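Peer 1: Using only what follows, build the 3D model:
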Amino acid sequence: MNLQIAVLLGQDGITNGAIYALLALSIVLVFTVTRVLLIPQGEFVAYGALTMAAIQAGQPSAVAWLVTLLFAASAAVDVALLLMRSERAVPLRWMFAGKLLYPLLMLLAVYKLPLATMAMPLQIALTLALLVPLGPLLYRLVFQPIADAPALVLLIVSIALHVSMVGVGLLVFGPGGASTTPLVDAIIEVGGVRIKAQTLCVIAVALLLIGALYLMFGRTLYGKALRAAAMNRMGARLMGISPVFAGKATFSLAVLIGAMSGVLIAPMTTIYYDSGFIISLKGFIGSIIGGLVSYPIAAIGAVVVGLIEAFSAFYASTYKEIIVFTLIIPVLLWLSLTSKHVEDEE
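Peer 2: Numbering: from 1, shown residues only. Next comes the predicted model:
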């Protein structure tokens, strides 16, 4: 171990930690607002990376058909509920057609645009446009009907959704792995240390997303509404904040963060359909360090996880994963000894 190796390991650790921090923040956000521990968060990372890879290869991504299917299922559920309530303020056929307009536009974009020759920002935008709707759709179909269920039931359903999404990922993307073109393909030399511009790009985008989340929650009306729902769900309902809106908004943010994380890490490693679970599990450790309530501590904890992972790979690569996942034991022990039990308000 010398200074140059330590700098390189620190560079890798901070890069991975930035991704873990984004996932930790999204896990904490979804849990505090909806009480759902979002186990499938890693699948959105894998979907983002593999969708971006398919676009760069010029291949129409089957994710567009998945989104269309979920939109159709959501529209069918809404129409069925309106029929049960005898509410026909809007002709049902127009309502159903309106809900399918967006996925049809996505299908046209995927099959008609010159995907491989598009500029990188447009490829990223198309990837996010395809994947972000999965958030509110999954919340509408899976969690909204059981929003008032006990937390254990929500956890079991979240695990089932994770298993289902892994299977869907295998069906949509296949068993092969993929990587993408670096966002910035350059090497910067500082003091004799070579730093990849892609690494700096990952850190910059992560900080930008964290800053955007901070501004949204601190400065915007919708962000304050989500904060109110996170602090006191019953009080937020009494103040007219829709729990359905809060749930869909937080799931949308979680998918946005997950898909963007996949886009960021895809140039640095090969991603498979089931790679997301391990990545999100390390973000989950960061969220546990924050007690599933503190955003700053969760982000700091996730960066610490990334640094420990990088240095463990140098000193004891065989036990790297064991060392990282063992971190959760003293944290849980500390939380169990210092926190007071509070009954759920619902």
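Peer 1: now the strands: where do they sit in the stretch 101-250 of the chain?
Peer 2: 187-190, 193-196 (DSSP state E, counting those that start in this stretch).
Peer 1: What helices and strands are in contact with the last one?
Peer 2: Right, strand 193-196. Helices and strands in packing contact with strand 193-196 are listed as helix 3-34, strand 187-190; criterion 3 or more C-beta pairs under 8 Å, 6 or more residues apart in numbering; DSSP states H and E. C-beta: built from backbone N, CA, C; applies to glycine.
Peer 1: Surely residue 39 and residue 156 touch.
Peer 2: No. Contact between residue 39 and residue 156 fails when scored by C-beta atoms under 8 Å: they sit 10.0 Å apart.
Peer 1: Which one's more surrounded, these two?
Peer 2: More neighbours sit around residue 39 than around the other of residue 39 and residue 156, counting by other C-beta atoms under 10 Å; the figures are 22 against 13.
Peer 1: From residue 31, how far off is the more buried one?
Peer 2: When C-beta to C-beta, to the nearest Å is applied, the distance between residue 39 and residue 31 equals 11 Å.
Peer 1: anything in contact with each of those two?
Peer 2: Between them, residue 39 and residue 31 have no joint contacts when contacts are counted by C-beta atoms under 8 Å, 6 or more residues apart in numbering.
Peer 1: which residues does the residue most central in space within the chain contact?
Peer 2: With the centre of the chain defined as its mean C-alpha position, the nearest residue by C-alpha atoms, centre = their mean is residue 258, 2.6 Å away. Shown in contact with residue 258 (C-beta under 8 Å, 6+ apart): 23, 26, 41, 42, 43, 44, 45, 47, 48, 276, 280.
Peer 1: Pull the number of nearby residues for residue 65.
Peer 2: As a burial measure, residue 65 scores 15 neighbours (other C-beta under 10 Å).
Peer 1: Can you mark which positions in whichever strand or helix holds it are buried?
Peer 2: For residue 65, the element it lies in under DSSP states H and E is helix 63-85. Using 16 or more other C-beta atoms under 10 Å as the burial criterion, the residues of helix 63-85 that qualify are 63, 64, 66, 67, 68, 70, 71, 74, 75.
Peer 1: Using a markdown table, please lay out those residues together with pLDDT.
Peer 2: Conversion of the buried residues of helix 63-85 to a markdown table gives the following (pLDDT from 0 to 100):
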| residue | pLDDT |
| --- | --- |
| 63 | 91 |
| 64 | 90 |
| 66 | 92 |
| 67 | 91 |
| 68 | 91 |
| 70 | 91 |
| 71 | 90 |
| 74 | 87 |
| 75 | 83 |
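Peer 1: Alpha carbons of stretch 183-201, in PDB - could you do that?
Peer 2: Coordinates of the C-alpha atoms in stretch 183-201 are reproduced here as PDB (Å, rounded to 0.1, in the frame of the first residue of the first chain):
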ATOM      1  CA  LEU A 183     -20.300   9.600 -20.500                       C
ATOM      2  CA  VAL A 184     -16.900  11.300 -20.600                       C
ATOM      3  CA  ASP A 185     -14.000   9.300 -22.000                       C
ATOM      4  CA  ALA A 186     -10.900  11.000 -20.700                       C
ATOM      5  CA  ILE A 187      -8.100  10.700 -18.200                       C
ATOM      6  CA  ILE A 188      -7.100  13.500 -15.900                       C
ATOM      7  CA  GLU A 189      -3.700  13.400 -14.200                       C
ATOM      8  CA  VAL A 190      -3.400  15.300 -10.900                       C
ATOM      9  CA  GLY A 191      -0.100  15.100  -9.000                       C
ATOM     10  CA  GLY A 192       0.900  11.900 -10.800                       C
ATOM     11  CA  VAL A 193      -2.400  10.300 -10.100                       C
ATOM     12  CA  ARG A 194      -4.600   9.300 -13.100                       C
ATOM     13  CA  ILE A 195      -8.300  10.000 -12.500                       C
ATOM     14  CA  LYS A 196     -11.000   8.900 -14.900                       C
ATOM     15  CA  ALA A 197     -13.300  11.700 -16.000                       C
ATOM     16  CA  GLN A 198     -16.200   9.200 -15.800                       C
ATOM     17  CA  THR A 199     -15.500   8.900 -12.000                       C
ATOM     18  CA  LEU A 200     -15.700  12.700 -11.600                       C
ATOM     19  CA  CYS A 201     -18.900  12.600 -13.700                       C
END
